[in-house]
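A.B. asks: Need coordinates for the below:
(chains A and B)
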2 protein chains.
Amino acid sequence: MKLKVYADRMSQPSRAVLIFCKVNGIEFDEIKTEISKKQQKSPEYKEINPMGNVPAIVDGKFKLFESHAILVYLACAFPGVADHWYPADLFKRAKIDSVLHWHHTTLRRGAAPLVLNSRLAPVFGLPLNLQAAAEAEKVLTRSLAMIESIWLEGKGRFLLGSFKPSIADLSLVCEIMQLELLDERDRDRILGPHKKVLQWVEDTKKATRPHFDEIHELLFKLKAKLAEMWADGAKSETVTGGKREMLSKM
Amino acid sequence: MKLKVYADRMSQPSRAVLIFCKVNGIEFDEIKTEISKKQQKSPEYKEINPMGNVPAIVDGKFKLFESHAILVYLACAFPGVADHWYPADLFKRAKIDSVLHWHHTTLRRGAAPLVLNSRLAPVFGLPLNLQAAAEAEKVLTRSLAMIESIWLEGKGRFLLGSFKPSIADLSLVCEIMQLELLDERDRDRILGPHKKVLQWVEDTKKATRPHFDEIHELLFKLKAKLAEMWADGAKSETVTGGKREMLSKM
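C.D. replies: Numbers count the residues shown, from 1 in each chain, chains lettered A, B, ... in the order given. Model (predicted):
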């Protein structure tokens, strides 16, 4: 039975899992689970993932959620996956685990609420929260500085000084890609000073093409729609039902 | 060369690593790294862990931080560790990874800021923040309900229906132990409705005695001191230098 991946391409951890499968030639069925339609909260989906979020996988009888756990599992369970994604070497593996656990309380805690509170909230019928956005930006900026000075130290172009990407590169870069949804000037202001981060994002894209671009197409469509919406003067903190449906029509 | 564990017994992830080593007979030197003295921010310590937090380990030439990555590494690197802590079975391991990654954005994001903002802040010379505490309590309560209805489902007494504890039990229970620092009534109000959680905490303590109690002694000393401090009417949002030194004198 083919692997099932329950995902929404708007969600950065969903994209990481989808790209990983495609790059590694893992055959799978993508089951679209749209957050804008609250499909991840449906009783049917909660049979797959009781936490009610995406992504999740079903591999035969085995169900799993939490994207980092999924990436580790896929790298170990599918023999065709190249070693560099999650090396068998205990020390290299431990360092990748360290990055993956670090991600939750730093980069993710900065990027996700910044995008939501400064830009995306009206799409979900929520008010903007500029104070929360400002606090998230501080966390994000500190996290980017840490990536640059700590995780990207070393000879290679990828995290932990590696010459080839790991699941940590994929997960963190997909998180950073979410910043495409910000106003261009804000994105440039935040990411611009981090030249090594920008280069690493490009290197990770290059190493996972054409799948990286294909899986991110929907994000860029939303980016264009958001730019339109904001140009239309939708900066008020209310939103019409029409805007909430924007996502589901893409 | 003996394993070095850099830890502060006030920190819940530090305690999880220390208990794990003791329960599994891993020989190690505990290097006290006191948060109240900002020792985790010293240039010497940042050579060990550039992120400036505890715990961290040095095993020969190998340095590692992030407690979950450390627990996984120790379980794999030390042959004397019983399989149930982090089973070799790919499926069981993936489920434990899922719990460990889930922990960061749920239980930890609830418990840690609740304790800090409602009770511990004055000890570090910070103001209380009751709004942040109330928000953290909501996250904590949701997380406890998820532990009860999802992770503690199944036949066994431990997470994922297991009959013996894993590193996930140890990590999550050490997090919940931090709630000992709350006012007794608040702690009972929050934990009281979660009978399965309370039983599981007891079972995990029992399975890791006497080390669990020994490593938590300092936490109970702080609990007593905090109760005294609050009884003295230290509910104002300022604090004297003397209180900040309370921790370092214990």
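A.B. asks: Need phi/psi at the residue nearest to A:H84 when sequence neighbours are not counted.
C.D. replies: Closest residue to A:H84 apart from its sequence neighbours, by C-beta to C-beta, 6 or more residues apart in numbering or on different chains: A:K164 at 3.8 Å. In short, each C-beta sits where N, CA and C put it, glycine included. The phi/psi pair for A:K164 (degrees, to the nearest 10) reads phi -130, psi 150.
A.B. asks: how close does A:V17 sit to B:K63?
C.D. replies: Applying C-beta to C-beta, to the nearest Å, the value for A:V17 to B:K63 is 30 Å.
A.B. asks: One more: A:P210?
C.D. replies: 38 Å.
A.B. asks: which of the two has more neighbours?
C.D. replies: B:K63 (17 against 9; other C-beta atoms under 10 Å in any protein chain shown).
A.B. asks: So the more buried one belongs to a strand, correct?
C.D. replies: Yes: the assignment for B:K63 is a strand, going by DSSP: H, G, I helix; E, B strand; the rest coil.
A.B. asks: how about it, what does it touch?
C.D. replies: B:I48, B:N49, B:A56, B:I57 (C-beta atoms under 8 Å, 6 or more residues apart in numbering or on different chains).
A.B. asks: Sort out which of the residues you listed are in strands and list them.
C.D. replies: B:A56, B:I57 (DSSP state E).
A.B. asks: Kindly present the contacts of B:K63 as a markdown table, with separate columns for pLDDT, distance to B:H103 and neighbour count.
C.D. replies: Converted to a markdown table, these look like this (pLDDT from 0 to 100; distance: C-beta to C-beta, whole Å; neighbours: other C-beta atoms under 10 Å in any protein chain shown):
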| residue | pLDDT | distance to B:H103 | neighbour count |
| --- | --- | --- | --- |
| B:I48 | 97 | 23 | 20 |
| B:N49 | 97 | 19 | 22 |
| B:A56 | 98 | 18 | 27 |
| B:I57 | 98 | 19 | 25 |
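A.B. asks: ok, which of the contacts of B:K63 also contact chain A?
C.D. replies: Residues of the contacts of B:K63 in contact with chain A (C-beta under 8 Å from any C-beta of the partner chain): none.
A.B. asks: Around chain B, which positions in chain A sit nearby?
C.D. replies: For chain A, the residues in contact with chain B (C-beta under 8 Å from any C-beta) are A:50-51, A:62, A:64-70, A:72-73, A:76-77, A:90-91, A:94-95, A:97-98, A:100-102, A:104-105, A:108, A:146, A:149-150.
A.B. asks: and stretch A:123-140, how far from the chain's centre?
C.D. replies: Averaged C-alpha coordinates place stretch A:123-140 at 18 Å from its chain's average position (C-alpha atoms, centre = their mean, to the nearest Å).
A.B. asks: got it, and stretch A:113-126?
C.D. replies: So, by C-alpha atoms, centre = their mean, the centroid of stretch A:113-126 is 16 Å from its chain's centroid.
A.B. asks: ok, back up a step: if any of the residues of chain A next to chain B are buried, give me the PyMOL selection for them.
C.D. replies: Filtering those down to the buried ones (16 or more other C-beta atoms under 10 Å in any protein chain shown) takes a single PyMOL command:
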select buried, chain A and resi 50+64+65+66+67+68+69+70+72+73+76+77+94+95+97+98+100+101+102+104+105+108+146+150
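A.B. asks: Which members of the residues of chain A next to chain B occur in helices, if any?
C.D. replies: Within the residues of chain A next to chain B, residues falling in helices by DSSP state H are A:67-70, A:72-73, A:76-77, A:90-91, A:94-95, A:97-98, A:100-102, A:104-105, A:108, A:146.
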